[in-house]
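Visitor: I'd like to go over a predicted model; first the sequence, then the structure.
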Amino acid sequence: MKTIFSMLSLASLLVATTCSAHAQQLKVDPTSLVAPVSPTLYGLMTEEINYSYDAGLYAEMLRNRTFTAPGKGFSLNYWRPVMHGNSLVKLGQGDHGPSAALPKSADVTVTSASPQDLAGLGNEGYWGMGVRPSTVYQGSFYATSDAFDAAQVRLVDDQTGTILAASSVNLAKGDWKPYRFTLKTGGDMKATSAAHFEMLFDHPGQISLQLISLFPPTYHNRPNGNRPDLMEMMAAMHPQFLRFPGGNYVEGNTVEERFNWKETIGPLVGRPTHRSPWGYQSTDGMGLLEFLYWCEDLHMEPVLAVYAGYSLRGEHVTGAALDPHIQDALDEIEFVAGDTKTKWGHLRELLGHPAPFTLHYIEIGNEDFFDKSGSYEERFSRFASAIRAKYPQYKLIATTPVKQSKPDLIDDHYYQSPEEFFNLVHKYDKMDRNGPKIFVGEWATRTGSPTPNFGAALGDAAWMTSLERNSDLILMSCYAPLFTNVNPGGMQWSTDLLGYDALRAYASPAYYAQVLFSNHLGDHTVKTTAANLGSRFFWSATVSKTTKVLHLKLVNASDTVQPLHLDLSGIKDGQVKMYTLHGESRWATNTIEQPDAIHPVETTLPASKLSEHNVAGNTIEVLDIPLI
Ligand code: AHR
């Protein structure tokens, strides 16, 4: 009797133990499809902020190549007189230039120089210059002089004065002419960012210079192109679109300082440059066509933001004064996507790209909820009518809700703490599916500087589970800002996805979270049921119907383990691929000095082991589980 009693107690203890292990449960039914996942869910947002293009993606090495002060004035900032031996030189302002866009120049007056004691000018670059061994650099400039037959150009190591590369450029006497040169480094140097550029002359005389430029090898070898390291990091995210050119950058501080796309196309000598709202001058080397090449190179679609008559300091344009801005937007769309028989499509052809770019989405303005005059109702509706009349095929994005005209999408922005994002993850679950679709055009968890720490990656990952669950409604989303130069003074907005200096670049934990989410996105969400999971535990379950894979994303934003009974139906008895991103604490992060402290780790495990699965604290997991 006693034995039977003991056996029963043991049995009930076993049942109890099993039940308590099963109490923390996530049940996923991959056969029960809930909603389609938007294939364009993950993309990129970009603008000139934090030295994103100049001193960032746009590979130009010389700073202030057009001798321009912020605004329209003249400046020799970042240029220095260079006097070897006992030579003498003076730099000053020249009141003439090679184009109407660049009407000024640097006047270089050499009063004493010889072939042994050269004199001229030097440029310090954007916090130095990334110079690598066995590399060819492409240089160019405009000059006018009656004094010199040649200029000596060099890259020089700041610390040692060693000449890393040198060349001579023959000059013709007379009016403004363009020149090109190459500089090739030897194989025996170490890569450095402590380097500068010199242009020198070997006898007294006067020369005027403008648009002095130097490029390293670029991604896909595009002239006037982008840094390969940053392009490769973005390519690994497999972004579906690029929202450009802002953000605040499309608006400018004033109407005058808006992103005036017509002044950003064609030869660089025709681009006057302009002041960005983030306090520094933009070279506009990254102009409208360069944005489109960036899209083409990374197989993304443009999400084109057009200037819509509102600038950050409150200037707003209404009535007849809005007409030229509406026309500019129509012309811009024609430049991007019109055929070559159109005026602006033909110009695009002349600039080297006859084929129209793919375009589906146009955003009208940026964050127009800041326009307290209420003029966005009129502005949106007039832009929308004009665009729809000519291009009914495009989807129009409003930057805040409007009543007079129905946008196809509304752009919602979120800059939050991890806890705020944890509390927001159900915001869209119950939202009306009959209204405009949603574009989450800027979002980021803002902890960590200059780049997000692991706590931010957890906030982001939690938020992405909600983007995925609601991606029948949320068609597109993009993190912001994407870039920062990590040098002192390089950053205007803290917590940026990727950091870099002139030579190196690194990815934040938040970047890796995005790579994991966007590279493992299914085509449908599936039914999940959860019981007794921690309040900081989040998940997303999608399936790829074609590849027959369940993508299960688990986010444990608590710092203690989350035991999980995973009840998965319809899965194959095979190997599961698991990608784990883990931080020892929320403060853990990557830096330019320690770029790989946190990175995803790939493992495999048998599907049979999943039923009891522990997710460590401060951990993001993506599991690719084969389906029957
Ligand atoms: O992403 C930084 C800024 O935040 C953007 O320029 C603006 O749209 C938002 O306020």
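Guide: Cool, got the structure.

Visitor: every contact and neighbour count from this point should use C-alpha atoms.
Guide: Fine.

Visitor: what segments of the stretch 51-200 of the chain are strands?
Guide: For the stretch 51-200 of the chain, the strands defined by DSSP state E, counting those that start in this stretch occupy 79-83, 88-94, 105-112, 119-123, 136-145, 150-157, 163-170, 174-184, 195-201.

Visitor: export these to a markdown table and tack on distance to residue 443, mean pLDDT and mean neighbour count?
Guide: Putting the strands of the stretch 51-200 of the chain into a markdown table (distance: least, CA to CA, whole Å; pLDDT from 0 to 100; neighbours: other CA atoms under 10 Å) gives the following:
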| stretch | distance to residue 443 | mean pLDDT | mean neighbour count |
| --- | --- | --- | --- |
| strand 79-83 | 38 | 98 | 19 |
| strand 88-94 | 44 | 98 | 18 |
| strand 105-112 | 42 | 98 | 21 |
| strand 119-123 | 37 | 98 | 25 |
| strand 136-145 | 37 | 98 | 20 |
| strand 150-157 | 40 | 98 | 20 |
| strand 163-170 | 43 | 98 | 17 |
| strand 174-184 | 42 | 98 | 16 |
| strand 195-201 | 37 | 98 | 25 |
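
Visitor: the ligand contacts on the chain?
Guide: By CA under 6 Å from any ligand atom, the residues of the chain that approach the ligand are 246, 247, 248, 367, 480, 481.

Visitor: tally of neighbours for the fifth one?
Guide: Think residue 480. For residue 480, the neighbour count with other CA atoms under 10 Å is 24.

Visitor: farthest pair within the residues of the chain next to the ligand?
Guide: 367 and 481 (14.8 Å; CA to CA).

Visitor: tabulate the strands of the stretch 51-200 of the chain (TSV), appending distance to residue 601.
Guide: Formatted as TSV, those follow (distance: least, CA to CA, whole Å):
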stretch	distance to residue 601
strand 79-83	46
strand 88-94	55
strand 105-112	53
strand 119-123	42
strand 136-145	36
strand 150-157	38
strand 163-170	39
strand 174-184	39
strand 195-201	36
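
Visitor: picking that back up, compare neighbour counts for residue 367 and residue 481 and give me the winner.
Guide: Higher neighbour count among residue 367 and residue 481: residue 481, with 26 against 19, using other CA under 10 Å.

Visitor: in the stretch 51-200 of the chain, which residue sits nearest the ligand?
Guide: residue 52 (11.5 Å; CA to the nearest ligand atom).

Visitor: next one: the closest residue to that residue other than its chain neighbours from the ligand, what distance?
Guide: Nearest residue to residue 52, sequence neighbours excluded (CA to CA, 6 or more residues apart in numbering): residue 483, at 5.4 Å. With the distance defined as CA to the nearest ligand atom, to the nearest Å, residue 483 ends up 10 Å from the ligand.

Visitor: for the spatially closest residue to residue 612 that is not a sequence neighbour, phi and psi?
Guide: Once flanking residues are discounted, residue 612 sits nearest to residue 565: 4.8 Å by CA to CA, 6+ apart. The phi and psi values for residue 565, taken as degrees, to the nearest 10, are phi -90, psi 110.

Visitor: contact partners for the residue of the stretch 51-200 of the chain closest to the ligand?
Guide: 58, 482, 483, 484, 485 (CA atoms under 8 Å, 6 or more residues apart in numbering).

Visitor: stretch 448-457: end-to-end distance?
Guide: 10 Å (CA to CA, to the nearest Å).

Visitor: pretty sure residue 180 sits against residue 143.
Guide: No: counting by CA atoms under 8 Å, residue 180 stays clear of residue 143, with 11.0 Å between them.

Visitor: quick one: residue 70 and residue 275 touch, right?
Guide: Yes: using CA under 8 Å, residue 70 is in contact with residue 275, at 5.6 Å.

Visitor: so for these two, which residue has more residues nearby?
Guide: residue 275 (24 against 16).

Visitor: is it true that the residue nearest to residue 612 touches residue 613?
Guide: Yes: under the criterion of CA under 8 Å, residue 565 makes contact with residue 613 at 6.2 Å.

Visitor: show me the helices in the stretch 451-600 of the chain, by range?
Guide: Along the stretch 451-600 of the chain, the segments classed as helices by DSSP state H, counting those that start in this stretch run 454-469, 509-519.

Visitor: winner for burial among these?
Guide: A comparison of these by mean neighbour count, using mean count of other CA atoms under 10 Å, puts helix 454-469 on top with a mean of 28.

Visitor: mean confidence for that one?
Guide: Model confidence over helix 454-469 averages 98 on the pLDDT scale.

Visitor: and that helix, what other elements does it pack with?
Guide: Where contact means 3 or more CA pairs under 8 Å, 6 or more residues apart in numbering; DSSP states H and E, helix 454-469 is packed against helix 418-424, strand 437-445, helix 509-519, strand 537-544, strand 549-556, strand 619-626.

Visitor: could these be laid out in CSV, adding mean pLDDT?
Guide: Formatted as CSV, those follow (pLDDT from 0 to 100):
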stretch, mean pLDDT
helix 418-424, 98
strand 437-445, 98
helix 509-519, 98
strand 537-544, 98
strand 549-556, 98
strand 619-626, 98
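
Visitor: perfect, that will be all.
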